[in-house]
Structure formats: structure tokens, C-alpha cells
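Enquirer: sharing a model that was predicted from the sequence below.
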Amino acid sequence: MTYQKWVWIAAGLFILGMLLSFMMPTGVSNVLAKDLAPLRELAEILKPFKISTAVFIFFKNVTTLIFSFIFSPLLCLLPILSLMVNGWLLSYVATLVVKEKSLLFLLAAVLPHGIFEFPAIVMGEGAALSFGIAAMSALIFPGKRGELVPNLKRNAKYLLIACAFLIPAAIIETYITPLLVR
């Protein structure tokens, strides 16, 4: 399967995660809201307009993609989970923000850096899915082993491109988004 198809699958899993957020019962929502408290605390620690914040955001996102890629041969569980949880979390938090603030506030908070970050996540996780399936295929079907190294090289290139997209995303999230959501 081509890399582009894996990107579409990754985008579908991300969207599925978003849809699952809308179907969640209210009682579960209330319980999970309490579990999001550490995210609010982290947001308080990460101050805007500081290079340390941009570096933290960048390395957090890159680390997630790299771990997902490395562990993707384990039934692709990490890339699938990462995509669905990111989609779910985006949708869940977006719903809360729209209720508390407004749709315009949400768009100002998400779109500027999201233009880079969401494609990077989908691209990187698409590469992880492609590599994970190739690695599992090579393990199960000995005739496919010769395809593994070229697949690894190709998908590592896509992973690096995805990581490069995370640089402007982290900078925009640190220096521009705070100006828009004041």
C-alpha cells in the first residue's frame, strides 16, 4: 500500500477519535474532565513567549511521533491509539472551549499552529502505520523481508518531514497564539 493511503487511514483514525468524543455519555465526560486537570496545570507552567516553552512543545510532539514509529511493529497499537486519543482530546477540549468562550476563540487558539501540527501528526503516524504493517508482514511472511529496509528508509524520511512541520507549530503556539487569545 502507498504512503498516501496510510496518511488517509491515519486521518480517518484521527477523525474517528473526534467522533467518539461526541458520542461519549455525559457521565463519562464529567469523570474525564477531572482527569484533564493536570493538562491545565501544565498549561499554567508553560508560559507564552519563552523559548523553553517552544522547545518543550516541539520535543513533546516529536517524542510522541518517534515512539509511535519505533513501537509501531507491535500491532500498530501506539500509532492507532495516538491518532484516536489526539482526535478525541481535540474534539473534547474544543467542545468545552466553545461552551466557555466562543467558536472564534477556539479557532484563534487552534488554527494558527494547527495548520502545521495536525498534518505533521497525521503524516508521522501514517509513516508509523506503514512501517508497522511492513514490519509485521516481514515477520509473518519471509518473502516480504526484502521490502522492510526500503520501507523503513522511505517512512523515516516522511517522519523527518513531519517533525520539521512541528518546528513552526511550536513557535506559533508559543509566540503567536497567545497574542490571539488574550
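Expert: Cool, got the structure. Residues are numbered from 1 along each chain as shown.

Enquirer: what's the closest non-adjacent residue to residue 62?
Expert: Nearest residue to residue 62, sequence neighbours excluded (C-beta to C-beta, 6 or more residues apart in numbering): residue 163, at 5.1 Å. No exception for glycine: its C-beta is placed from N, CA and C like everyone else's.

Enquirer: ok, the residue nearest the centre of the chain - contacts?
Expert: Geometric centre of the chain, nearest residue: residue 121, 4.1 Å, by C-alpha atoms, centre = their mean. Applying C-beta atoms under 8 Å, 6 or more residues apart in numbering to residue 121 gives the contacts 14, 61, 65, 82-83, 86, 162.

Enquirer: is it possible to get JSON lines of those residues that adds neighbour count and pLDDT?
Expert: As requested, the contacts of residue 121 are exported to JSON lines (neighbours: other C-beta atoms under 10 Å; pLDDT from 0 to 100):
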{"residue": "14", "neighbour count": "22", "pLDDT": "98"}
{"residue": "61", "neighbour count": "22", "pLDDT": "97"}
{"residue": "65", "neighbour count": "23", "pLDDT": "98"}
{"residue": "82", "neighbour count": "23", "pLDDT": "97"}
{"residue": "83", "neighbour count": "28", "pLDDT": "98"}
{"residue": "86", "neighbour count": "20", "pLDDT": "95"}
{"residue": "162", "neighbour count": "25", "pLDDT": "98"}
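
Enquirer: tell me the two of those that are most distant?
Expert: 14 and 61 (14.3 Å; C-beta to C-beta).

Enquirer: related to what we said a few turns ago, and the residue nearest to the centre of the chain, helix, strand or coil?
Expert: At residue 121 the chain is in helix, as set by DSSP: H, G, I helix; E, B strand; the rest coil.

Enquirer: for residue 125, see how far away residue 138 is.
Expert: 20 Å (C-beta to C-beta, to the nearest Å).

Enquirer: low-confidence stretches in this protein?
Expert: Within the chain, the stretches with pLDDT under 70 are 26-34, 36-37, 39-40.

Enquirer: now the helices for it?
Expert: 3-22, 26-35, 37-45, 51-70, 77-100, 103-140, 148-175, 177-180 (DSSP state H).
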